[in-house]
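Student: Attaching a predicted model along with its sequence, questions to come.
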Amino acid sequence: MSKYFEYQHTVGFEETNLVGNVYYVNYLRWQGRCRELFLYQRAPEVLKDLQDDLKLFTLKVDCEFFAEITAFDELSIRMRLVELAQTQVEFSFDYVRLDGGDGETLVARGRQRVACMRGPNTRTVPARVPDALAQALEPYAS
């Protein structure tokens, strides 16, 4: 099995609806949070570059659901690198409910495609994926 970057999360009441199921939009939020923590922990140089003129634009996100989750479920959001192109990166995300002990249930699977851009907000242009980001992602290729 390929290696992944992991973000663990405990589902809260505010992430559920009246029936007690998790709102679908939270799965997308968790993708973003996982990606942010990856940058913070594995590629801090890229965070500095983001304060300059690098921009990471999310081009596409999706999520396929297999099982319901509710408040206080323990999740592992596992990010892998699917594709590293010159100016874009594609990630996959497995949402795994940790059922205690060694038990796990795959509850959803998602993808996200990101483009690197540079320049002022009114005139951004495609840019190469920063070397620091490419190097940090290497161990997580699927």
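Tutor: Thanks, I have it. Numbering: from 1, shown residues only.

Student: what sits against the residue nearest the centre of the chain?
Tutor: With distances taken as C-alpha atoms, centre = their mean, residue 31 lies nearest the centre of the chain, 3.3 Å away. By C-beta atoms under 8 Å, 6 or more residues apart in numbering, the contact set of residue 31 is 61, 63, 77, 79, 91, 93, 110, 112. All C-beta spots, glycine's among them, are computed from the backbone N, C-alpha and C.

Student: Name the SS class of the fifth one, please.
Tutor: Applying DSSP: H, G, I helix; E, B strand; the rest coil to residue 91 yields a three-state assignment of strand.

Student: now it: how far from residue 101?
Tutor: Per C-beta to C-beta, to the nearest Å, residue 91 is found 28 Å from residue 101.

Student: and if you look at the first one?
Tutor: Distance, residue 61 to residue 101, by C-beta to C-beta: 32 Å.

Student: Repeat that for the second one.
Tutor: Relative to residue 101, residue 63 is positioned 27 Å away (criterion: C-beta to C-beta).

Student: Could you do the third one as well?
Tutor: From residue 77 over to residue 101 the distance is 20 Å, taken as C-beta to C-beta.

Student: Which one's more surrounded, the two?
Tutor: residue 77 (23 against 6; other C-beta atoms under 10 Å).

Student: Looking at that one now. What's its pLDDT?
Tutor: Residue 77 is assigned 98 on the pLDDT scale.

Student: That one - that's part of a strand, no?
Tutor: Yes. Residue 77 forms part of a strand when assessed by three-state DSSP.

Student: Who does it form a beta bridge with?
Tutor: Taking DSSP bridges as the rule, residue 77 bridges to residue 7, residue 95.

Student: how about residue 89, what does it touch?
Tutor: Residue 89 touches 81, 83, 113, 114, 116, 129, 133, 137, counting by C-beta under 8 Å, 6+ apart.

Student: And the top strand by length along the chain, what does it pack against?
Tutor: In the chain, with assignment by DSSP state E, the single longest strand is strand 104-118. On a contact count with 3 or more C-beta pairs under 8 Å, 6 or more residues apart in numbering; DSSP states H and E, strand 104-118 meets helix 24-42, strand 54-65, strand 74-84, strand 88-98, strand 125-126.
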